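Quick one, structure for this:
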Amino acid sequence: MLNALTNYLYMFGYGIAGAITMSVALALLVKVWSWVTPIDDWEEIKKGNIAVAIVTAAVIIGCSLVVALAIMPT
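Numbering: from 1, shown residues only. Got it, this is the predicted structure:
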């Protein structure tokens, strides 16, 4: 029983660490991506530019996968 509780606490800790790490990484990514691109991405998305939305989503998903795999327990 103690082993199951320990495993649950480890899982909970990894979940909290993952959520914090992912939110910080995504916030940094969005800021850097907006700074690097020569257009205002969010204004283009508001106008309905699907191509900019797809590229921005691909960048966010790609970074999310890298961060998720980096913090995943072995």
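
Ser64: what secondary structure?
Taken by DSSP: H, G, I helix; E, B strand; the rest coil, the conformation at Ser64 corresponds to helix.

looking at it, it is touching Met22, isn't it?
Yes. At 6.6 Å, Ser64 counts as touching Met22 under the criterion of Cβ atoms under 8 Å. For glycine as for every other residue, the C-beta is placed from the backbone atoms N, C-alpha and C.

Go ahead and flag the most central residue of the chain.
With distances taken as Cα atoms, centre = their mean, Ser64 lies nearest the centre of the chain, 3.7 Å away.

how about it, what does it touch?
For Ser64, the set of contacting residues under the criterion of Cβ atoms under 8 Å, 6 or more residues apart in numbering consists of 22, 25-26.

Could I have the buried ones of those as ChimeraX selection syntax?
Buried members of these, defined by 16 or more other Cβ atoms under 10 Å, are picked up in ChimeraX with:
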select :25
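
What segments of this structure are helices?
Counting by DSSP state H, one finds helices in the chain at the ranges 2-36, 41-47, 50-71.

And the longest one, what does it pack against?
Where contact means 3 or more Cβ pairs under 8 Å, 6 or more residues apart in numbering; DSSP states H and E, helix 2-36 is packed against helix 41-47, helix 50-71.

what about the spatially closest residue to Ala53 that is not a sequence neighbour, how many neighbours?
Taking Cβ to Cβ, 6 or more residues apart in numbering as the measure, Ala53 lies nearest to Ile45, with 4.9 Å between them; neighbours along the chain are not counted. In terms of burial, Ile45 registers 15 neighbours under the definition other Cβ atoms under 10 Å.
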